[in-house]
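Student: only geometry, no sequence info:
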């Protein structure tokens, strides 16, 4: 597949900004609009924070003790058609029991009332297609497809 | 993410700068709650004009403050956010419970006025 990029990051929230910067760098060469670039960054940011927070429980990595191998998040980017990016974000964490429930807007496992439960809704609205595969105990894969407007070169 | 606090009457204004994600939101939340407690403010204005990126953590952060403040009858408003940020906040229907203003002066005027009446 053309222009394929595979990255492995430690699933800690500290890496969230790096994850979306990588997504932006991958998309940048396809001449996205600023809005499209923001949408890709936001969707990847959501998927990555889900992996870190829910897949791996969101422990902090204050002293760098959490090794990348213990909580890997894999990001794959590929061009599946002209101006069409497929982004796949995989964790090997605890998985989701009820995917449909998890994807409901405002559904959150947070009891402290500080999270919105809007992660999947944001991903859904900012991409053209979203698919979630998950098995409890084995991990979760989020696949997103984003079509960019055609740049006609004038 | 940086925050600059400003106090106008009994209103606390939190001007946010930079990228607001789950990693940053935790600290922002703590700092705003601290500032609210130490100033004893009865209204809070979020100024998003300096925010360059925001994901759903922003919704949680705003809603969390809203829940906390409205319990005590305190008010909250949002000013000057970009189209994308407004879009994300809108997905959760935030503007049906929280007022939006273009400038902080307007927000302070409206929030301040309602306290008196």
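Tutor: Great, that's in hand. These numbers were taken from a predicted model, which means no experiment stands behind them.
Student: So what touches stretch A:37-49?
Tutor: Residues outside stretch A:37-49 that contact it (Cβ atoms under 8 Å, 6 or more residues apart in numbering or on different chains): A:9, A:11, A:13, A:15-16, A:19-24, A:27-28, A:32, A:73, A:75, A:85, A:87, A:89, A:119-120, A:122-123, A:126-127, A:142, A:144, A:146, B:21-23, B:53-57, B:84, B:88. C-betas here are computed from N, CA, C, even on glycine.
Student: mind running it again at 7 Å?
Tutor: By Cβ atoms under 7 Å, 6 or more residues apart in numbering or on different chains, the list of residues contacting stretch A:37-49 from outside reads A:13, A:16, A:19-20, A:23-24, A:27, A:73, A:87, A:89, A:119, A:122-123, A:126-127, A:142, A:144, A:146, B:21-22, B:53, B:55-56, B:84.
Student: Let me know how buried residue B:23 is, in neighbour terms.
Tutor: Each residue near residue B:23 was counted by other Cβ atoms under 10 Å in any protein chain shown, and the total is 20.
Student: Quick check: which element contains it?
Tutor: Using DSSP states H and E, residue B:23 falls within helix B:22-39.
Student: what does that helix contact?
Tutor: Everything outside helix B:22-39 that qualifies as a contact, by Cβ under 7 Å, 6+ apart, is A:13-14, A:16, A:49, A:53, A:114, B:1, B:3, B:5, B:7, B:12, B:14, B:16, B:20, B:44, B:57-58, B:60-61, B:64-65.
Student: let's see it at 8 Å
Tutor: Applying Cβ under 8 Å, 6+ apart, the contact partners of helix B:22-39 are A:13-14, A:16-17, A:49, A:52-53, A:114, B:1, B:3, B:5, B:7, B:12, B:14, B:16, B:18, B:20, B:41, B:44, B:55, B:57-58, B:60-61, B:64-65, B:68-69.
Student: Check stretch B:90-104 too.
Tutor: A:105-106, A:116, A:118, A:121-122, A:125, B:8, B:13, B:45, B:47, B:56, B:59, B:62-63, B:66, B:76-81, B:86, B:89, B:107, B:110.
Student: okay, how far is it across stretch B:35-46, tip to tip?
Tutor: Across stretch B:35-46, the straight-line distance between its terminal residues is 13 Å, by Cα to Cα, to the nearest Å.
Student: Would you mark the buried spots in it?
Tutor: B:35-36, B:41-46 (16 or more other Cβ atoms under 10 Å in any protein chain shown).
Student: Okay, and which of the residues you listed map to strands?
Tutor: B:43-46 (DSSP state E).
Student: where do the helices sit along chain B?
Tutor: For chain B, the helices defined by DSSP state H cover B:22-39, B:56-71, B:83-91, B:104-116.
Student: winner for burial among those?
Tutor: Here the criterion is mean neighbour count by mean count of other Cβ atoms under 10 Å in any protein chain shown, and of the helices of chain B the winner is helix B:56-71, at a mean of 21.
Student: Just the residues contacting that helix, thanks.
Tutor: Helix B:56-71 is contacted from outside by A:46, A:49, A:108, A:110, A:112-116, A:118-119, A:121-122, B:20-22, B:24-25, B:28-29, B:32-33, B:36, B:43-44, B:46, B:51, B:75-76, B:78, B:85, B:88-89, B:91-92, B:94, B:97-98, using Cβ under 8 Å, 6+ apart.
Student: Could you pull up the contacting residues of residue B:15?
Tutor: Contact partners of residue B:15, counting by Cβ under 8 Å, 6+ apart, are B:3-6, B:47, B:49-50.
Student: go again using 10 Å as the cut-off
Tutor: Residue B:15 makes contacts with B:2-6, B:45-51, B:79-80, B:104, as judged by Cβ atoms under 10 Å, 6 or more residues apart in numbering or on different chains.
Student: Need the pLDDT of it.
Tutor: We have a pLDDT of 96 for residue B:15.
Student: related to what we said a few turns ago, quick check: angle from the helix holding residue B:23 to helix B:56-71?
Tutor: 20 degrees (axes from the mean of the first three to the mean of the last three Cα atoms, to 10 degrees).
Student: what about helix B:22-39, average pLDDT?
Tutor: 93.
Student: likewise stretch B:87-103?
Tutor: Stretch B:87-103 shows a mean pLDDT of 93.
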